[in-house]
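# one predicted model, sequence on top.
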Amino acid sequence: MKKFLNNVDQMLVESLSGFAAAHSDLVDIQFDPTFVARKQKSDNKVVLISGGGSGHEPLHAGYVGRGMLDAACPGQVFTSPTPDQMLAAAEAVHAGKGVLFIVKNYAGDVMNFEMTTEMLPFEHATVLTSDDCAVVNSTYTTGRRGVAGTVIVEKCVGSLAETGADLASCKALGDKINVRTSSIGAALTSCTVPAAGRPTFDISEDEIEMGVGIHGEPGRRREAMREADAIVGDMVAAIVQDIEAKQLPTHGDILLLVNGLGATPLMELYLIYNTAAKLLTEKGFHITRSLVGNYTTAIDMAGASLTVCLLDNEITQHWDSPVHTAGLRWGC
Amino acid sequence: MKKFLNNVDQMLVESLSGFAAAHSDLVDIQFDPTFVARKQKSDNKVVLISGGGSGHEPLHAGYVGRGMLDAACPGQVFTSPTPDQMLAAAEAVHAGKGVLFIVKNYAGDVMNFEMTTEMLPFEHATVLTSDDCAVVNSTYTTGRRGVAGTVIVEKCVGSLAETGADLASCKALGDKINVRTSSIGAALTSCTVPAAGRPTFDISEDEIEMGVGIHGEPGRRREAMREADAIVGDMVAAIVQDIEAKQLPTHGDILLLVNGLGATPLMELYLIYNTAAKLLTEKGFHITRSLVGNYTTAIDMAGASLTVCLLDNEITQHWDSPVHTAGLRWGC
Amino acid sequence: MNSHTISLYAAAIRHAILDHEADIECLDREIGDGDHYINMKRGCEVIASMTDELTALSAADALNKIGMKLLSTIGGASGPLFASFFMSMSKTLKGSETLNTLQMALAFEAGVQAIMQRGKAQAGEKTMLDVLIPVANTFKQMAEQDKSSQEIATALKQVASTGLESTRNMLATKGRASGLGERAIGHLDAGAKSCEVMIHAVCDAVLIS
Amino acid sequence: MNSHTISLYAAAIRHAILDHEADIECLDREIGDGDHYINMKRGCEVIASMTDELTALSAADALNKIGMKLLSTIGGASGPLFASFFMSMSKTLKGSETLNTLQMALAFEAGVQAIMQRGKAQAGEKTMLDVLIPVANTFKQMAEQDKSSQEIATALKQVASTGLESTRNMLATKGRASGLGERAIGHLDAGAKSCEVMIHAVCDAVLIS
Ligand SMILES: Nc1ncnc2c1ncn2[C@@H]1O[C@H](COP(=O)(O)OP(=O)(O)O)[C@@H](O)[C@H]1O
Ligand SMILES: Nc1ncnc2c1ncn2[C@@H]1O[C@H](COP(=O)(O)OP(=O)(O)O)[C@@H](O)[C@H]1O
Ligand SMILES: [Mg+2]
Ligand SMILES: [Mg+2]
Ligand SMILES: [Mg+2]
Ligand SMILES: [Mg+2]
């Protein structure tokens, strides 16, 4: 393992300190319990709190700011944060209209947020994201994983909350976007959890992991490395199949997010975008919004994910509204 | 080599096509000769044209748009673009007040831009960036390399040009920023030029390349891998020494850019920021502007560079002004 | 059992977990996300640092304190599960001073039930419960039959190992491995492994004393 | 020499460059950025695709066309340098129909001077000029002495190889390797290598004919 770090145990604190220093105009940070909150506190609005294991940067701390999250609770690398973090964050940012938790669907995250809400003195609701359509036809029962689609939920619900909408409406929009969003990832290499010091999985030069999770969890299948068009073709097919399975329209306006998993250069991400956009357009979709870059990473994994969100006027409007965070910024 | 690509020869065209499609609100692209230009043509202003080898994305095409470049000419990977590209770009975007070329100081880039200007029918000037202070006390004569500091030049001169300033003023600001900017990079791994198919250099698990160039050129020295604080300490020392050698003040307001070279995750970049910011502050600098992310990359290299720009009111004001490009956006 | 014994057991558990770093880490890498050993270690270290504080408390209060501390320290899936285990044990033992074997067995059973509730999981889903449920059952049975601590400890070690081994050919239907379908088959569950290691550590401590 | 011979030489050069992929690529990886072979190949391929077009032109026009095409195809440092070489040769030969050896030698010399001007470089700076300058000098001398094409070709091959080898222990003071200081010592220059390969290819073609 070769990384810029001093001491594995201090890595997260040092990195978060750097984040807070680099964005001191936007956020405040607190340690023990650890959370990142907007510098400018909100007033009389539903506050959005997200969190999850670290290693997915800029998710979630990078999405704290105007028009998006009010606070984020970073856990240890790939380990969901703990209830005391979420309670402290809620206490710090609550603005009189309740707390909406945005939680990626993993056993650990769900249980920690659940225990939080059992202790929380404020009105609250939770949007559970589960956009990863990697695993199909399985007998699993805990449901799909939340991956890069979470960014779209955080952006749009953040926008709605900014208008003063109530908790139920915010949750409803989040749930709607989650249903209308499908993602799938493919890895060329493993990630390396710093404290583990070695790659999570072994993969040879001529293999890829199709349907990989953002923690390096194995996906659909290990398959032969092929040309980008073939890989992206399979990813698009999985997404289209998922949209069909959800009985949603396979035409109309969409947002296409090509997300890098950490070590894949923009040149490749744009190449993937090129193929994905062509295939989706042929299928009958109309790509009206795009995002290409590292938005939900898996530490240092070489790989990428595709996310398609079926837009409607409401989602589009909230996607377009001003946002000012470390990781996403436009309109202001 | 494991990359998302179909065919090495088509990689650049496919990637640029994806870029143009993903940002069709911002840019138009033309091939043969290849350049990327603002969708919305400027009127009565100095136009800024940059270019260079591909592989440094988002540099330069990602900086085309309001408040920054008018056009960018992407060359083959790590190979400067050709005069026909620059001539076609200038022809397409010229807006009556001359052309300012922003060129990173490499023999190839300089010669191609020089041949361009010999043929150009418009008033023109060139800002040659040379912020890399990696190599000191050497007998070389072609001068320092232009690296990530180029982004600051493009941003600020782009802002000034937007105000209707004349060619001489734009060049003067660019030259001033270049003098006030120092950078240095360190690589943990090599990059792989796709057409070459193998890493440019070999480096073992316990070595780093200090002072590496953004094309994987060897730097100051091969040295032992150490903790981040030690590496960053040396980088900061090199920058401070360079500022002293230029007889510029080692105090006052600065912009600190921590730039990822392609495969280094944000978590590590922020950790580097944390250390660099501490050391620079101790030294007497006051960090008033920051940028952390992948802004001038070396394909898929794991590594990072530090850039310090000595601010003054003029530079700060132009840094803060609205910019809307694929790679940098704020204020609009 | 009192809070002093609890601290001794905690120390034994910590040593055992550290000793099994390679196995535990490897299992969570294979069908999980590779952090389970680190999570367990973080939990063990924080409890070790609390020894003085814990020994000043009643057994029930010490267990509650352990649960609370694990909740705010471990995170991930295992954090809330182990926290629920200890907090529920504590609730069951509330008021009792030194504890007999049956009280312990019943408290353990309550702890395991708390895990089942928190995780919405049963036996056979390829989780730590495939070790914990059979251990809880045997523990209670043998305690009701008034078996000696030695006999019980010996039996529970065996049951834990069998439970762990049973996860090998299961499909995972809970936790992170549940996304893997058939691909999880052939691998032991990491949480089951760390439970087996911990149970062995405590039983060995009982057998030695 | 006429434009037909030029095309034959271009084909010989292309084969030779492709044959030396490994050497050339490796040198630019060691002290450059690894693209020199790819740049040379791109240039060779584009000229190969123009054979019909070129053979319809006079030698001078064909050389100019080659220069222009290389300028818009190669890029990097080598693009403008080789382009300047051919465009300058063309200018020198303008008006002449079939060409004698001395005319060729003078045109070659003019081409090399154009490279020196464009690159602001001299001999001894660890560039392609360390092959090209001695070759130009020997070529001109021997042509003035009316040596046979065979003699000249044999001599130039030797001079080119010596020139290439001379770059090994030089500091680079031009081009990308100039940032390396002492670290460039011990490595051959990539552009010098490809010039040596091209000169050998053309000389071998002369020797065979
Ligand atoms: N719903 C559940 N019920 C019981 N045990 C579970 C459940 N989900 C996960 N586990 C256990 O937790 C272990 C994983 O713990 P850990 O790696 O620390 O957390 P995470 O999966 O969040 O990374 C699994 O091996 C499994 O034994
Ligand atoms: N100023 C110069 N004068 C003459 N030759 C040069 C000069 N700069 C570079 N070269 C030659 O160009 C070669 C590199 O070409 P190439 O790799 O194609 O371009 P780049 O250096 O831009 O990547 C060097 O090996 C050297 O021989
Ligand atoms: Mg985890
Ligand atoms: Mg080059
Ligand atoms: Mg885990
Ligand atoms: Mg080169």
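Thanks, I have it. Ligands and ions are numbered 1, 2, ... in the order given.
# and whichever strand or helix holds A:L280, what's its mean pLDDT?
Assigned by DSSP states H and E, A:L280 belongs to helix A:266-283. Helix A:266-283 comes out with an average pLDDT of 98.
# output the contacting helices and strands for it.
Packing partners of helix A:266-283 (3 or more CB pairs under 8 Å, 6 or more residues apart in numbering or on different chains; DSSP states H and E): helix A:228-245, strand A:252-260, strand A:285-293, strand A:303-310, helix B:11-22. C-beta: built from backbone N, CA, C; applies to glycine.
# quick one: A:N7 and B:E227 touch, right?
Yes. The criterion here is CB atoms under 8 Å, and A:N7 meets it with B:E227 at 7.4 Å.
# burial check on C:D204, number of neighbours?
Using other CB atoms under 10 Å in any protein chain shown as the criterion, C:D204 is surrounded by 14 other residues.
# which residue packs closest to it, ignoring adjacent ones?
In space, and not counting its chain neighbours, C:D204 is closest to C:A12: 7.0 Å by CB to CB, 6 or more residues apart in numbering or on different chains.
# assign the one you found to helix, strand or coil.
Classification of C:A12 by DSSP: H, G, I helix; E, B strand; the rest coil places it in helix.
# mind listing what it touches?
C:201-202, C:204-205 (CB atoms under 8 Å, 6 or more residues apart in numbering or on different chains).
# what sits against A:R289?
Listed by CB under 8 Å, 6+ apart, the contact set of A:R289 reads A:253-256, A:311, A:316, A:319-320.
# if you could redo that for C:M1, that was the one I meant.
Going by CB under 8 Å, 6+ apart, C:M1 touches C:59, C:98-99, C:104.
# related to what we said a few turns ago, so which bits of the helix holding A:L280 are buried?
Within helix A:266-283, the residues that qualify as buried are A:266-280, counting by 16 or more other CB atoms under 10 Å in any protein chain shown.
# looking at the stretch 201-332 of chain A, which residue is nearest chain D?
A:M267 (14.7 Å; CB to the nearest CB).
# where does the closest residue to that residue other than its chain neighbours land on pLDDT?
In space, and not counting its chain neighbours, A:M267 is closest to B:S15: 4.8 Å by CB to CB, 6+ apart. Listed pLDDT for B:S15 reads 98.
# surely B:S15 and A:I272 touch.
No. Using CB under 8 Å as the test, B:S15 is too far from A:I272 to be in contact (9.0 Å).
# ok so, going back, which one of the helices and strands packed on helix A:266-283 lies closest to B:V46?
Closest of those to B:V46 is helix B:11-22, at 24.3 Å (criterion: CB to CB).
# ok, how many other residues are close to residue 157?
Since you didn't name a chain, this refers to chain A. A:V157 has 30 neighbours, counted by other CB under 10 Å.
# ah, no, chain C please
Other residues close to C:K157 by other CB under 10 Å number 20.
# next: C:S209.
C:S209, neighbours per other CB under 10 Å, totals 10.
# again, but for A:H286
What A:H286 shows, counting by other CB under 10 Å, is a neighbour count of 11.
# repeat that for A:T288.
14.
# before we move on, what about A:N313?
8.
# next one: the one 5 residues further on
Other residues within reach of A:H318, judged by other CB under 10 Å, total 22.
# same thing with A:S204?
Using other CB under 10 Å, A:S204 has 9 neighbouring residues.
# which SS class is residue 146?
Let's take chain A. Secondary structure for A:G146, judged by three-state DSSP, is coil.
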